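Student: Just a sequence and a predicted model for now, questions to come.
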Amino acid sequence: MTKCKILVALILTFLTVSVNLPAQQNNQNSDTKKLTTCIQSVSKIDGRYRIDTMVILANQNLQSLINDLDQSILVEKMTVNEIPRFIKSFLVELTDENFSIANRGEEWQVNDVADEELPFRQLIYFGLGKDLVLMVYYTGGIAKSEHILIFKYQKKNITDFWCGNIIKEITSKDEILKYLKENIGKKWGLNTNMIFL
């Protein structure tokens, strides 16, 4: 009789654990999703921005930024002069240079023959939202490449940042979002092993 009670208790315990396990796993999955959306690549230490390159290279903050961009209304800016000063300052700080960039359609340094007079980049798209910025520009060298930058900000302070490089011409928010969604999971789809701005 005691053996039967122990066996029944073990079976009930097993059934209880089995029934509760998927719910616990679902809670863990939703907790993981919450953590993923909270990952940010930007911090500020002693008044200077620092970026976590591993977060960017592994696209750990990209899905959250894509979701935000999907919901955002961006006003397209046509010239470099319309880029807010806090965005330019952030880029200057990250690149340790003046971050020279030409307007769309203007001359710029397309190939690897150095012409110090020309900007090193050419603006392709700049969209400004209430807390997000989407920026696309070309850089030259051996091959022309397109850079996609996403900034999240609050009160003119950058709170999150992602960037990637592609060899394709895309020039609108919808095209950019489509490309990001299609390539977010691909190895080397949006980034290599280094950040190049």
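Tutor: Arrived safely, thanks for sending.
Student: you'd agree residue 56 is up against residue 165?
Tutor: No: applying Cβ atoms under 8 Å, one finds residue 56 not in contact with residue 165, separated by 11.4 Å. C-betas here are computed from N, CA, C, even on glycine.
Student: Is residue 179 in contact with residue 172, as I believe?
Tutor: No: with contact defined as Cβ under 8 Å, residue 179 and residue 172 do not form a contacting pair (10.5 Å).
Student: Among those two, which residue is more densely surrounded?
Tutor: residue 179 (18 against 14; other Cβ atoms under 10 Å).
Student: What does the pLDDT read for the residue nearest to residue 54 when sequence neighbours are not counted?
Tutor: Closest residue to residue 54 apart from its sequence neighbours, by Cβ to Cβ, 6 or more residues apart in numbering: residue 60 at 7.8 Å. Looking at residue 60, its pLDDT reads 95.
Student: Who's the closest spatial neighbour of the residue nearest in space to the middle of the chain, skipping the chain neighbours?
Tutor: Note on the chain: the residue nearest the mean C-alpha position is residue 162, at 2.9 Å, using Cα atoms, centre = their mean. Of all residues beyond its chain neighbours, the one nearest residue 162 is residue 150 (4.7 Å), with distances taken as Cβ to Cβ, 6+ apart.
Student: Pull the number of nearby residues for that neighbour.
Tutor: Neighbours of residue 150 (other Cβ under 10 Å): 24.
Student: Surely it and residue 136 touch.
Tutor: No: with contact defined as Cβ under 8 Å, residue 150 and residue 136 do not form a contacting pair (10.0 Å).
Student: how about the strands in the protein?
Tutor: Secondary structure of the chain by DSSP state E: the strands cover 42-45, 48-51, 75-76, 101-102, 121-128, 132-139, 145-154, 157-166.
Student: and the chain, what are its domains?
Tutor: Listed domain ranges for the chain are 1-38, 40-183 (source: automatic domain parsing).
Student: Need the pLDDT of residue 186.
Tutor: If you check residue 186, the pLDDT there is 86.
Student: what about it, neighbour count?
Tutor: 9.
Student: What does it show for phi and psi?
Tutor: With angles defined as degrees, to the nearest 10, residue 186 sits at phi -80, psi 140.
Student: what's the distance between the spatially closest residue to residue 75 that is not a sequence neighbour and residue 118?
Tutor: Leaving aside its sequence neighbours, residue 75 sits nearest to residue 128 (Cβ to Cβ, 6+ apart; 5.2 Å). For residue 128, the distance to residue 118 equals 26 Å [Cβ to Cβ, to the nearest Å].
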